[in-house]
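Colleague: Pasting a predicted model and its sequence here:
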Amino acid sequence: MSDDELDRWLAEQWPRAYRTACLVLRDRHGAQDAVQEAFLRVWRFRDTIPAEAGRQGWLYRVVVNACVSWIRSERSRTGRDTSDVLLALRKDDTPGPEKRAQDTALTDDMLAALADLPEPLRVPLVLRFYAGLSEQEIAVAIERRPGTVKSRLHDARNRLSADPRLLAWVTPMEASS
Amino acid sequence: MTTFTDDDLSRALDETADTYDVPAYSSARSRSGTTRRPVQRKWRPALGLVAAAVVVSFLVAGLSQTGGGGSEEAATVSPSSAASQGGSAASDSSGGGASEFQIESGRLSLPGVAAPSSAPASSDEQSLSYGAGQPTYGIGQAGPQGDQGRVVKTGTVALIAKSGAVTPTLDSVGRAAREQGGSVFATQTQESGDTPSGTITVRVPVAQFDALVSAVRGLAEVRSVQTSGREVTAEYADLETRIASATAARNRLTTILGAAVSVAEVLAVQQQIDQTAATVDQLTGQLKVLKDQSDLSTLTVAVTETGDPAITSSRDRGGFGAAFRDAFDGFTSGLQSLVAASGRALLVLLSLAALTLAGWGLYKVGRRRLV
């Protein structure tokens, strides 16, 4: 992959990688720092980028590592978890469009539910159902076995399903069938 | 109970993520420059540590090889340093250039004089008459200190006497040895030709060895001095233990011999007794030799006259010639030391690498991933 191709590919990956980091970290600025750092690492070590098949998982492994590094540094710096700054960091403080305001309650519930998930469950969930990675790619990204990923996804789904705040997101059985 | 389907989860996360405004992409290319794989700044301290480890390894290896040997030591003193250390020897020194005398493998090579350990020499006039069957060198501290700290010490000194002073100098060496509680072990003189020379071997208690060397240095101009010491305490103790064990075995066999009935039994036991007795005798002999070597130190002093052609030629080679030769010798000896130390340095490096790997592993275990 040439430098130009890599730069274009990273630009394409930027929005989803950034929002993935947002869902993992629940911190816009932290997510931006982490993904920028991750992309910088990718660029510096572009000679080691794997072939097409494993590239996506490899990229998100770098992103996840950068997120973990950010969490560690944030914890050591502030001495607190980042989950308590959930809502304040979710969006810009400026008022949004009216529709977005209506959806805020739903997404806030989703964010709150995500915040309640422990990181070992939240990260695979976000990578699977937002970033669109396969279980194999997630295993590469978080450096765990595919079986572990499958188990964690199952646990995360069960926890969210049991959360009464998220009922509005669930498709009724009759409709889904 | 309701269950989130894959589509539900994807939709919920998509819509939730969409609430985050995506900032403009800042190209990693523009932030990192265009050079490929530069040495990252964070690795620079690590590279520095590796370089420091290599240097420390060589230092440790060098120190342990030169000074840390413990059981064996050797020193060669140049004429200039000998003169400066020898007190009155400085007054006898006539300026002293580079010496033709060489110390190799612990032996002193003198022009016209064979080294003690190489005797008998090919020339009849130069043959040295050391005690037949007796060890040439050897002293120790065993006498007053028992079996603790037994050391075999030897040394050689090369002196240049004034014209006609070879024999008086040799006599002075013998007298100095007697003053230190020692005795003359062997002497040899060569009066033929224009350059008379001689050697004398004296033995003194190990505690007086250094005092004797100092006294000898003051007798004439010093060409070279070499001393060495070898720790033999463990070897001595081992011999004693083996003798005690063999003696006990012999006594048990003697008891068994008394109970033997048949001729075959008597012969078999007697054979074992003979073998054990031979072992005891052999070990006792070794212990006796080692005790003798570690009781008395041996110093060999070679004396030549100022008119020795080899000395004269060496003195003519002064100035830049001697300086260049000294520089070359220093370079080669330094190189040899470096090569010799590389083995220990490699061992130290491997040990450090293993420790680093272990530490890194513990660090990784300690910093388990959050996800």
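Modeller: Here it is on my side, so go on.
Colleague: give me every residue that touches the residue sitting nearest the centre point of chain A.
Modeller: Note on chain A: the residue nearest the mean C-alpha position is residue A:20, at 2.9 Å, using CA atoms, centre = their mean. By CB atoms under 8 Å, 6 or more residues apart in numbering or on different chains, residue A:20 lies in contact with A:60, A:63, A:126, A:127, A:130, A:131, B:17. All C-beta spots, glycine's among them, are computed from the backbone N, C-alpha and C.
Colleague: what's the lengthiest helix in chain B packed up against?
Modeller: The helix that spans the most residues within chain B, counting by DSSP state H, is helix B:319-366. Contacts defined by 3 or more CB pairs under 8 Å, 6 or more residues apart in numbering or on different chains; DSSP states H and E place helix B:319-366 against helix B:44-66.
Colleague: which residue ranges form the helices in chain B?
Modeller: Counting by DSSP H, the helices of chain B are B:6-18, B:28-32, B:44-66, B:79-85, B:89-92, B:142-145, B:166-179, B:209-217, B:233-259, B:263-295, B:309-316, B:319-366.
Colleague: List the single closest residue to the residue nearest to the centre of chain A in space, sequence neighbours excluded.
Modeller: Distances taken as CB to CB, 6 or more residues apart in numbering or on different chains put residue A:131 closest to residue A:20, at 4.8 Å, once the chain neighbours are dropped.
Colleague: from what I can see the one you found touches residue A:60, true?
Modeller: Yes. Applying CB atoms under 8 Å, one finds residue A:131 in contact with residue A:60, separated by 6.1 Å.
Colleague: related to what we said a few turns ago, could the helices of chain B go into CSV alongside mean neighbour count?
Modeller: Formatted as CSV, the helices of chain B follow (neighbours: other CB atoms under 10 Å in any protein chain shown):
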stretch, mean neighbour count
helix B:6-18, 18
helix B:28-32, 16
helix B:44-66, 14
helix B:79-85, 18
helix B:89-92, 17
helix B:142-145, 16
helix B:166-179, 19
helix B:209-217, 21
helix B:233-259, 14
helix B:263-295, 15
helix B:309-316, 15
helix B:319-366, 12
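Colleague: hey, least reliable of those by pLDDT?
Modeller: Of all the helices of chain B, the minimum mean pLDDT falls on helix B:89-92 (a mean of 36).
Colleague: of all of the stretch 101-250 of chain B, which residue lies closest to chain A?
Modeller: residue B:234 (53.6 Å; CB to the nearest CB).
Colleague: Residue B:327 versus that residue, what's the distance?
Modeller: Applying CB to CB, to the nearest Å, the value for residue B:234 to residue B:327 is 41 Å.
Colleague: ditto for residue B:213
Modeller: Distance from residue B:213 to residue B:327, by CB to CB: 29 Å.
Colleague: remind me which residues of chain A are low pLDDT?
Modeller: Counting by pLDDT under 70, chain A has low-confidence residues at A:78-105, A:171-177.
Colleague: let's go with 90 and repeat that
Modeller: A:1-9, A:22-31, A:41-120, A:122-123, A:127, A:130-144, A:157-177 (pLDDT under 90).
Colleague: Now do the strands in it.
Modeller: For chain A, applying DSSP state E gives no strands.
Colleague: Serialize the contacts of residue A:20 to CSV and add fields for distance to residue B:351.
Modeller: Formatted as CSV, these follow (distance: CB to CB, whole Å):
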residue, distance to residue B:351
A:60, 39
A:63, 38
A:126, 45
A:127, 42
A:130, 49
A:131, 45
B:17, 51
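Colleague: quick check, nearest of these to residue B:187?
Modeller: Nearest to residue B:187 among the contacts of residue A:20 is residue A:63, at 89.3 Å by CB to CB.
Colleague: Next one: the closest residue in space to the closest one that isn't next to it in sequence relative to residue A:27, how far apart?
Modeller: Computed as CB to CB, 6+ apart, the closest residue to residue A:63 that is not its neighbour in sequence is residue A:38, at 4.4 Å. Distance, residue A:38 to residue A:27, by CB to CB: 15 Å.
Colleague: List of residues touching stretch A:120-128?
Modeller: By CB under 8 Å, 6+ apart, stretch A:120-128 touches A:20, A:23-24, A:60, A:64, A:67, A:114, A:117, A:133-135, A:137-138, A:141-142, A:149, A:152-153, A:155-157, A:159-160, B:9, B:13, B:370-371.
Colleague: please redo it, this time with the cut-off set to 6 Å
Modeller: Outside stretch A:120-128, the residues within contact range by CB atoms under 6 Å, 6 or more residues apart in numbering or on different chains are A:20, A:23-24, A:114, A:133, A:138, A:141, A:149, A:152-153, A:155-156, B:371.
Colleague: Report the buried members of those residues.
Modeller: The neighbour count (16 or more other CB atoms under 10 Å in any protein chain shown) marks A:20, A:23-24, A:114, A:133, A:138, A:141, A:149, A:152-153, A:155-156, B:371 as buried among the contacts of stretch A:120-128.
Colleague: Residue B:299 and chain A, how far apart?
Modeller: Residue B:299 is 69 Å from chain A, where distance means CB to the nearest CB, to the nearest Å.
Colleague: hey, what's that residue bridged with?
Modeller: residue B:155, residue B:202 (DSSP bridges).
Colleague: what does chain A put close to chain B?
Modeller: A:7, A:10-11, A:14-15, A:18-19, A:22-23, A:32, A:39-40, A:43-44, A:68, A:91, A:107, A:110, A:119-120, A:123, A:129-130, A:142, A:157, A:160-161, A:169-171 (CB under 6 Å from any CB of the partner chain).
Colleague: Which stretches in chain A count as helices?
Modeller: Under DSSP H, chain A gives helices at A:3-25, A:28-44, A:52-78, A:86-90, A:98-116, A:119-129, A:135-142, A:146-161, A:173-176.
Colleague: and the second one, C-alpha only, in PDB?
Modeller: Below are the C-alpha coordinates for helix A:28-44, written out as PDB (Å, rounded to 0.1, in the frame of the first residue of the first chain):
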ATOM      1  CA  ARG A  28     -15.000  13.100  22.800                       C
ATOM      2  CA  HIS A  29     -11.700  14.700  23.400                       C
ATOM      3  CA  GLY A  30     -10.200  11.500  24.700                       C
ATOM      4  CA  ALA A  31     -11.500   9.700  21.600                       C
ATOM      5  CA  GLN A  32     -10.000  12.200  19.300                       C
ATOM      6  CA  ASP A  33      -6.600  12.100  21.000                       C
ATOM      7  CA  ALA A  34      -6.600   8.300  21.100                       C
ATOM      8  CA  VAL A  35      -7.600   7.800  17.500                       C
ATOM      9  CA  GLN A  36      -5.200  10.500  16.300                       C
ATOM     10  CA  GLU A  37      -2.400   8.700  18.200                       C
ATOM     11  CA  ALA A  38      -3.500   5.400  16.800                       C
ATOM     12  CA  PHE A  39      -3.500   6.700  13.300                       C
ATOM     13  CA  LEU A  40      -0.100   8.200  13.900                       C
ATOM     14  CA  ARG A  41       1.200   4.800  15.000                       C
ATOM     15  CA  VAL A  42      -0.300   3.200  12.000                       C
ATOM     16  CA  TRP A  43       1.500   5.700   9.800                       C
ATOM     17  CA  ARG A  44       4.800   5.200  11.500                       C
END
